[in-house]
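# Just the structure for this:
(chains A and B)
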Amino acid sequence: MGFNLIHYWKALLIGGVLSLSLASLLANAEDAGNLFNTPYDINQGERYFERQCSRCHGFDAKGNDETGAPDLTGRLSRASSNVGIFNIIREGVPNTAMLPVDSDLPDERVWQLVTYIESLRYDPSSVELAGSANSGDTLFRGKGECADCHMVNGQGGRLGPDLSRIGESAAPDELMSSMTNPHDNVAPRWWTISVTGPDGITRNGFRMGEDSFSLRIMDNDADLWSFRKNQIQSYERIEQSTMPSYDQSLSESELDDLVAYLFSLRREEN
Amino acid sequence: MKRALLTLSTLMVTTALSQLTAQEQQFETVMTPAFSPITWERLVDARQEPENWLMYSGTLDSQRYSLLDNITVDNIDQLEMKWAYQIPVIDRAETVPLVVDGIMFITEAPSNLVAVDAATGRQYWRYDHELPEDLRICCGRNNRGVAILGETLYMSTLDAHLVAIDARTGNLIWDVEVAEHSSGYSKTAAPMIVKDKVVTGIAGGEFGIRGFIDAYDAVTGELAWRTYTVPGPGEFGNDTWSGDSWETGGAATWITGAYDADLNLVYWGTGNPGPDWNGDARLGDNLYSDSALALNGDTGEIEWYFQFTPHDVHDWDAIQVPILADIDFQGQQRKVMMWANRNAFFYTIDRATGQFLTGKPFATQTWAEGLDANGQPIRVPGLFPTYEGIMVSPPITGGTNWYSPGYSQQTGYFYVTSFDGEQIFFKRDEDYEEGERFTGGGGRYDQPMDAFHSSIRAIDPATAEIQWEFPIMPRSSAGITTTAGGLVFTGSADGYFFALNAETGEELWNISLGRRVHSAPITFEAEGKQYVSIASGNVVYTFGLRD
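Predicted coordinates:
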């Protein structure tokens, strides 16, 4: 009990400090909501982003592994509000290449940038979908046979991406496209490799990892294999998805239901 | 009798003293104190003391070819890690250390320097450079290395200063501001010593700076000469810039050059014209952007230039380390400079005159039909960036980039880390604002990086033909070092350090270091043993043969 009490007071103290420090910024945030949230501001923010930020974060804001700059189009790991984004732009991230913007840059421009970054995402509750998430859930586990290959919250197969939080990273139209045109934009993790090992046996599997000198695959039995490239007889990379297209096998309304279900899959907010 | 005794005792004392002296001398021959001053003559003859790595590219000709041959094609399978130095600041390490008589000097992000024992990696001293908060850097908090003359190290810093550091203690000797950092200038490259001067470049090509190459008095830090890489009014080449566009013309000089002592010429590359991707307001060839410059070693005067990409609109900096060698070209011995450019073409140039000798693509490119007799590109029309975006190869990062190529005197081949990629180029309209980025567009890949192709390529400089290639995962930014042991050492984007047979490209040895290699290897000798060092991720690893 005493332990909990101490933490309770700590929480109160921290909360108090945060409330104080956020108070002034929130005033700005509210201003931003009123003054710097128009299509014009998004456009101005985008122009500034392309000029000042795209070298590291990419022209499409999708980040860059080489520079270590994160993808700004999905959930942000360092900021959960527009105030948080504002602070990162204003103050930078210490000990990283993310430097603060010029201290002379007016708040207006920073808020336009925040507005642009926020425009890359959207409030999922504002999205209206034709399908039913409940029906989609049933389809996912039944007729669609999706769960044979995909896991959701620890239940399902291993032969496709875990979809437990797919609603956070994919928009409804992208979800639809991935079911009807699965070979478009396949992530390298879901390419397959056919490799003939030193034992002369050819194995096919998902491309878990490939680097300059080695390969790692998972076959259809979910067995994991590792190979040194200089010890194998041959290998072939297939840059396609193993997923079938559901364009013909499911009706339009069934696909809508699946989209609604998949879009509802996101981390539970506490 | 007394005298005899005295004489005897004198003799005994003398003998004892001479024994002591002998012991001291014996002691000294076994235990030589680390580090001795580096004269200009030692730098000119650096290849003749392969136990050391005395400058960024090893020698003034920048070949990165070491005469050390303890580690060979036949025993490299005995290579093992000897020590690792963890850089305390978490960032990527682009450092190329120096080794001077048993001491290794390692630069760290953002602008720090540490001296360690080259045989153990344990620290002697460190220098932490204090940086302002309002830095203007385009592409990370990088530092690539130092130069040494006498007992002093010279380092570039991100706030566009040049500092002189005492090699024995790490004490600051002088600190000069090369340019105003808040205007967009910064410094990341290792300086180069030419006689009694420190020659050094500048970064900031994405901020509309006016590029230059400087030389400073090594003792006092006073500016000896400055050569602008964008000519001013009345100077030759100023008319290759429309209007006042020369004022923000870029042509930064952010990698280390080379020097020919016989010709007394400094060779240095220049970067993109500004703004990078929108050439509408800077019509003309935009001299001396994307060029190789040959400067008089005493005055900095431009003796000749060779522009690889006139009126560049794709950010294809000629920021590569020039490699100098004397080769047989069409039956004649020629003093040449070899250059694999970011624009995906390889060039062999007469380094006395700047005359183009031969050149061909070494990586995938779609922007030029080829090179004409003078080495100038024959452009494919209609491939300038657009507002909607247009696909061009090579991408912004180029067929290669700033990372060092290598050359082997054994094979006569030039080695380069190459990338076959493509990118959608966009154009944007921007007005110049001091201290703000001034790029006029950007680029976007439309495929995952793994879909592209990278390799180490060996090129015959006499024909510009590729002799072999060794595929690696894209996109490596590791440099290359060659040795008299018949080896090519380099690294990869996926964190390997590896060795190839210099003659055939055959894979000989590799080790996974776990993080991207952003630097070039060096090789040296300490306590009679050959070592090879490379930075990967945040760590400098050193390898030697199993005892």
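# For B:E180, see how far away the residue nearest to B:P132 when sequence neighbours are not counted is.
Counting by Cβ to Cβ, 6 or more residues apart in numbering or on different chains, B:P132 lies nearest to B:D159, which is 5.6 Å off, once chain neighbours are set aside. Every C-beta, even on glycine, is put in place using the N, C-alpha and C of the backbone. The spacing between B:D159 and B:E180, counted by Cβ to Cβ, to the nearest Å, is 9 Å.
# what residues does the helix or strand where B:V199 lies touch?
Element membership for B:V199, per DSSP states H and E: strand B:197-200. For strand B:197-200, the external contacting residues (Cβ atoms under 8 Å, 6 or more residues apart in numbering or on different chains) are B:147, B:149, B:154, B:156, B:162, B:164, B:178, B:187, B:189, B:191-193, B:213-218, B:224, B:257, B:259, B:266, B:268.
# circling back: need the phi and psi values for the residue nearest to B:P132.
In terms of degrees, to the nearest 10, the main-chain angles of B:D159 are phi -90, psi 20.
# residues in contact with it?
B:111, B:131-132, B:135, B:181, B:186.
# Does anything pack onto the helix or strand hosting B:G544? Which helices or strands?
Assigned by DSSP H and E, B:G544 falls within strand B:539-545. For strand B:539-545, the packing partners by 3 or more Cβ pairs under 8 Å, 6 or more residues apart in numbering or on different chains; DSSP states H and E come out as strand B:79-86, strand B:529-536.
# in whichever helix or strand comes after the strand holding B:V199, what's buried?
As assigned by DSSP H and E, the chain's next helix or strand after strand B:197-200 is strand B:212-217. By 16 or more other Cβ atoms under 10 Å in any protein chain shown, the buried positions in strand B:212-217 come out as B:212-216.
# Run the chain-centre distance for strand B:212-217.
Averaging C-alpha positions (Cα atoms, centre = their mean, to the nearest Å) puts strand B:212-217 17 Å from its chain's average.
# Extract the C-alpha set from it and format it as CSV.
Extracted in CSV, the C-alpha atoms of strand B:212-217 (Å, rounded to 0.1, in the frame of the first residue of the first chain):
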residue,chain,number,x,y,z
PHE,B,212,35.6,27.1,-51.6
ILE,B,213,38.8,25.3,-50.9
ASP,B,214,41.0,26.8,-48.2
ALA,B,215,44.6,26.5,-47.1
TYR,B,216,45.7,27.5,-43.5
ASP,B,217,49.1,27.9,-42.1
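# which ones are touching residue 259?
Let's take chain A. Counting by Cβ under 8 Å, 6+ apart, A:V259 makes contact with A:129, A:131, A:136, A:172, A:175-176, A:179.
# oops, I was thinking of chain B
B:60-61, B:192, B:194, B:199, B:265-267, B:297.
# Looking at the residues you listed, which one is closest to chain A?
In terms of Cβ to the nearest Cβ, no member of these lies closer to chain A than B:M192, at 26.2 Å.
# Ramachandran angles for that closest one?
phi -130, psi 140.
# ok, the closest residue to it other than its chain neighbours - how many residues close by?
What sits nearest to B:M192 in space, not counting adjacent residues and going by Cβ to Cβ, 6+ apart, is B:V199, at 4.9 Å. If you count neighbours by other Cβ atoms under 10 Å in any protein chain shown, B:V199 ends up with 27.
# What separation is there between B:V199 and B:N510?
Taken as Cβ to Cβ, the span from B:V199 to B:N510 is 36 Å.
# can you pull the pLDDT of residue 180?
Just so you know, I chose chain A. Per-residue pLDDT puts A:T180 at 96.
# Please refer instead to chain B.
97.
# ok, it - contacts?
The contact partners of B:E180, by Cβ under 8 Å, 6+ apart, come to B:A160.
# go on, the one 4 residues further on?
When contacts are counted by Cβ under 8 Å, 6+ apart, B:G184 touches B:136, B:204, B:206-209, B:434-436, B:438.
# Quickly check those residues for the two that are furthest apart.
B:E206 and B:E434 (13.4 Å; Cβ to Cβ).
# Please say which of those two ends up with more neighbours.
The neighbour count for B:E206 versus B:E434, taken as other Cβ under 10 Å, is higher for B:E206 (26 against 14).
# so that one touches B:F438, yeah?
Yes: with contacts counted by Cβ atoms under 8 Å, B:E206 reaches B:F438, the gap being 6.9 Å.
# which residues are in contact with both of these two?
Common contacts of B:E206 and B:F438, defined by Cβ under 8 Å, 6+ apart, comprise B:184, B:274.
# and the helices and strands packed on strand B:539-545 as JSON lines, adding mean neighbour count and distance to chain A?
Conversion of the helices and strands packed on strand B:539-545 to JSON lines gives the following (neighbours: other Cβ atoms under 10 Å in any protein chain shown; distance: least, Cβ to the nearest Cβ, whole Å):
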{"stretch": "strand B:79-86", "mean neighbour count": "16", "distance to chain A": "15"}
{"stretch": "strand B:529-536", "mean neighbour count": "25", "distance to chain A": "13"}
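# could you dump those strands to JSON lines with distance to B:T504?
Shown next, in JSON lines, are those (distance: least, Cβ to Cβ, whole Å):
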{"stretch": "strand B:79-86", "distance to B:T504": "19"}
{"stretch": "strand B:529-536", "distance to B:T504": "20"}
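# Name the residues of the stretch 401-547 of chain B found near chain A, please.
Proximity of the stretch 401-547 of chain B to chain A, by Cβ under 8 Å from any Cβ of the partner chain, involves residues B:426, B:428, B:430, B:435-437, B:439, B:441-444, B:448-451, B:471-473, B:475, B:477, B:492-496, B:498, B:507, B:510, B:512, B:516.
# 6 Å instead?
Neighbours of chain A within the stretch 401-547 of chain B, by Cβ under 6 Å from any Cβ of the partner chain: B:428, B:437, B:442, B:444, B:448, B:450, B:472-473, B:492, B:494, B:496, B:507, B:510.
# What about those residues, which one has the most neighbours?
Within these, most neighbours by other Cβ under 10 Å means B:S492, with 27 neighbours.
# what's the pLDDT at it?
What the model reports as pLDDT for B:S492 is 97.
# what's near enough to touch it?
B:S492 is in contact with A:212, B:472, B:476, counting by Cβ atoms under 6 Å, 6 or more residues apart in numbering or on different chains.
# next one: A:D60
For A:D60, counting by Cβ under 6 Å, 6+ apart, the contacting residues are B:R444.
# Quick one, grab the pLDDT at it.
Model confidence at A:D60, given as pLDDT, is 87.
# Is the nearest residue to B:A325 once chain neighbours are set aside bridged to anything, and to what?
Leaving aside its sequence neighbours, B:A325 sits nearest to B:Y407 (Cβ to Cβ, 6+ apart; 5.7 Å). Per DSSP bridges, the residues bridged to B:Y407 are B:F414.
# hang on, B:Y407 packs against B:F414?
Yes: look at B:Y407 against B:F414 with Cβ atoms under 6 Å: they come within range, at 5.2 Å.
# Specify which residue of the two has the higher count of neighbours.
The neighbour comparison of B:Y407 against B:F414 (other Cβ under 10 Å) goes to B:F414, with 28 against 24.
# who touches stretch B:439-456?
Under Cβ under 6 Å, 6+ apart, the answer for stretch B:439-456 is A:54, A:59-60, A:188, B:206, B:275-278, B:385, B:396, B:417-421, B:423-428, B:430, B:469-472, B:474-476, B:490.
# Mark which of those are buried, thanks.
A:54, A:59-60, B:206, B:275-278, B:385, B:396, B:417-421, B:423-428, B:430, B:469-470, B:472, B:474-476, B:490.
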